[in-house]
Structures are given as C-alpha cells and as structure tokens.
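A.B. asks: Need coordinates for the following:
(one chain, ligands or ions: 1)
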Amino acid sequence: MITDAVIEGDKVVLVPYRNEHVEKYHQWMSDPRLLKLTASEPLTLGEEYEMQKKWREDPDKLTFIILAVERKGDPSDYPMVGDVNLFLKGHPSDEDFEAEVEIMIAGTDYRRQGLAVEALRLMLTYATGLPSAFMCPPLSRSVPPPPKPLPIPPQSLVARVAQDNRPSISLFEKLQFSAVRVVHVFGEVEMRFGGGGVPIYDK
Ligand SMILES: CC(C)(COP(=O)(O)OP(=O)(O)OC[C@H]1O[C@@H](n2cnc3c(N)ncnc32)[C@H](O)[C@@H]1OP(=O)(O)O)[C@@H](O)C(=O)NCCC(=O)NCCS
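C.D. replies: Down below sits the predicted model:
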C-alpha cells in the first residue's frame, strides 16, 4: 500500500518502509531468534529488497519502520528500531475479511520502554481512523488520510502469536485483543481486537 504518511508519537515515529531501511532490516532478520519469534523465513539481501518493494506496493500490505525518538538530535537521525505491519486478507466488505497485525522491536536495548505499544496504537489508529479504540490521541492533521481500502473496522484485526511468546500476548492484551483460538498443531494463539474471551482449542 503506497503511503507517505509519517506518524509521530511521543516515543516513536512511524515512517514508510523504504529502500534505505533494507540493509538494517536484513541484518535483524539474520538473527534466528527474531526469525522464529516473527515466524519469518530467512531471505538473501536481494530477496529482502524485493520484499520491501512488495510491502510498499502491494495493495494488501501496509508497513512502517519504527524510529525511536531521541531527546537530542534531528528526527532524520532517530534510530530505526523495529517495524509494524498490517496484512489484509480479502476486502473490508467481505464477511470473512481480516487484517493481521505484526510488530517487532528488534534491538533488545529498546525493549520494555513502551515503544511497541505506542507504535501499535499509532498504526491501528491510522488504519481504522478510531483513536479512542486504541487509547491514542488523534493523529496530527498533517498525516494524510490512509489509502483505500483503509480505514478498516477494528473488529477485523487479528494477531497470531506463538503460544510461548508471553511478551507479545501480553502486549496485544494491553491493546484489548484477546485469545479466541489456540491452534496446538502450530503452537499458535489467535487474538482478536475486542475478542470476547474464551479460547477454542484445536488439536
Ligand atoms: C513483543 C515485543 C514487540 C514487545 O516490544 P516492547 O517495546 O518491549 O513492548 P512495550 O515496552 O511496548 O511493552 C508493552 C507491554 O507488552 C508486554 N510486554 C512486553 N515485553 C514483555 C516481557 N518481556 N514480558 C512480559 N510482558 C511484556 C507488557 O504487557 C507491556 O506492558 P507493561 O510494560 O505495562 O508491562 C518485543 O519483545 C519483540 O519485538 N519481540 C520479538 C518479536 C515478536 O515477538 N513479535 C511479535 C510477533 S507478532
């Protein structure tokens, strides 16, 4: 999904995933622990450039790079610390439409400072147009409206997280997602915004 939106929060700034971010992103994704936690496949640098193009251009994908705000220095020097993505499955008018959310704060030095929760609040506000649903102040008027088929209904948001990824489960719970299904064969919990609670257990 092509967007030039730059979304500023107190702790993070979200910027579109561009060519210049790919090398660093590729370094992160060479770490087997991050590959496992994000359920990603290892890619060559060339494939990572191809993937960046797809994430930028495919109408069903939206991705932002997360920069950490630093008190000193120019915003153009803020360090790149992670990414936040949305992957649309179907069209918002479809009955079974869903939008899968993913997030990563790659550097362990930047974790546990509230960056992921703020990045998700900003991204989900942008994608749904509903700041109050995510306890987020309204986005600045300088942020352009999201491209079609956004905005999407918040009840279509889903996160699929490894069953043993406590930090991530707890992060999504903080944003009012709850487990609706546990798929034991994949070792995965499916969480939905406003989920409603009692998980269904698959074999
Ligand atoms: C999960 C992840 C994104 C959290 O990022 P973070 O910036 O450290 O998270 P935040 O500081 O914003 O924490 C927000 C909430 O998440 C939960 N959380 C985050 N890290 C946690 C941890 N290590 N243990 C338990 N809960 C944790 C807590 O509920 C926390 O709220 P609190 O600080 O009030 O307790 C980060 O650990 C990460 O990138 N992990 C690897 C990739 C991954 O697992 N991605 C998820 C797949 S969708």
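
A.B. asks: Three-state assignment for the spatially most central residue of the chain, please.
C.D. replies: For the chain, the residue nearest the mean C-alpha position is Val84 (2.7 Å; CA atoms, centre = their mean). Of the three states, Val84 takes strand under DSSP: H, G, I helix; E, B strand; the rest coil.

A.B. asks: One more: Leu88?
C.D. replies: With three-state DSSP as the basis, Leu88 sits in strand.

A.B. asks: on contacts alone, who are the packing partners of the helix or strand hosting Lys53?
C.D. replies: Using DSSP states H and E, Lys53 sits within helix 45-57. When contacts are defined as 3 or more CB pairs under 8 Å, 6 or more residues apart in numbering; DSSP states H and E, helix 45-57 packs onto helix 22-28, strand 61-68. Every C-beta, even on glycine, is put in place using the N, C-alpha and C of the backbone.

A.B. asks: Let me know which of the ones you listed is tucked in deepest.
C.D. replies: Greatest average neighbour count among the helices and strands packed on helix 45-57 goes to strand 61-68 (a mean of 23), per mean count of other CB atoms under 10 Å.

A.B. asks: Can you name every helix or strand that that one contacts?
C.D. replies: strand 12-16, helix 45-57, strand 80-89, helix 115-128.

A.B. asks: so can I have TSV of these showing mean pLDDT?
C.D. replies: TSV is the format used below for the helices and strands packed on strand 61-68 (pLDDT from 0 to 100):
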stretch	mean pLDDT
strand 12-16	97
helix 45-57	96
strand 80-89	97
helix 115-128	98
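
A.B. asks: Get me the contact residues on this protein for the ligand.
C.D. replies: 37-38, 102-105, 111-117, 159, 161, 165-168, 170-171, 174 (CB under 6 Å from any ligand atom).

A.B. asks: Show me which of these are buried.
C.D. replies: Among these, those classed as buried by 16 or more other CB atoms under 10 Å are 37-38, 102-105, 115-117, 159, 161, 165, 168, 171.

A.B. asks: Give me the subset of those residues that lies in strands.
C.D. replies: Secondary structure from DSSP state E places 102-105, 159, 161 of these in strands.

A.B. asks: which one among the residues you listed gets closest to Pro75?
C.D. replies: For these, the closest approach to Pro75 (CB to CB) belongs to Ile105, at 18.7 Å.
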